[in-house]
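1. Coordinates only, no sequence provided:
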């Protein structure tokens with residue numbers, strides 16, 4: 001018989017960049033007692049995103065952030081929405097180009113991530129923010 005459970009985890013970012021949240025999510029999954037299932041993560045914001053990425057070399061995260069900064073620069077004259085500053089609309093575009101939801105299988109009571117994979121919250125705003133990630137686990 002399938003069961004389901006939910007929670008919301010809060011994370012404080014230091015401003016733009018990637019914050020690994022794998023351990024906090026893994027602890028919650030372990031606390032549920034589920035052995036198999038599907039975990040869905042959803043970030044409740046429009047200027048931050050989620051991704052699965054390499055967690056062995058921090059240069060990977062720095063390179064990703066530099067690439068997105070080149071692709072969607074702050075203060076671009078193209079953007080009219082600047083209610084919260086020159087990084088406001090670029091943060092929304094960055095979020096639209098990445099993911100706000102992830103699905104991760106759970107097997108043997110653990111997330112089925114690869115050896116070098118981690119789950120990241122990607123803050124697209126320059127200033128620190130408190131972000132919420134909603135988690136939903138269905139399985140047994």
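-> Good, I have the coordinates. Note that this is a predicted model, so its numbers are computed, not measured. Residues are numbered from 1 along each chain as shown.
2. Can you get me a residue count around residue 111?
-> Neighbours of residue 111 under the rule other CB atoms under 10 Å: 17. C-beta coordinates here come from the backbone N, C-alpha and C atoms, glycine included.
3. so what's the residue nearest to it when sequence neighbours are not counted up against?
-> Spatial nearest neighbour of residue 111, excluding adjacent residues (CB to CB, 6 or more residues apart in numbering): residue 104 at 4.9 Å. Counting by CB atoms under 8 Å, 6 or more residues apart in numbering, residue 104 makes contact with 38, 39, 41, 52, 111, 112, 113, 119.
4. Check for me that the first one belongs to a strand.
-> Yes: per DSSP: H, G, I helix; E, B strand; the rest coil, residue 38 lies within a strand segment.
5. count of residues packed around the residue nearest to residue 89 when sequence neighbours are not counted?
-> Among residues not flanking residue 89 along the chain, residue 79 sits closest, at 3.8 Å (CB to CB, 6+ apart). Residues contacting residue 79 under the criterion other CB under 10 Å number 16.
6. Which pLDDT value belongs to the residue nearest the centre of the chain?
-> Nearest to the mean C-alpha position of the chain, by CA atoms, centre = their mean, lies residue 50 at 2.3 Å. Reported pLDDT at residue 50 in the predicted model: 98.
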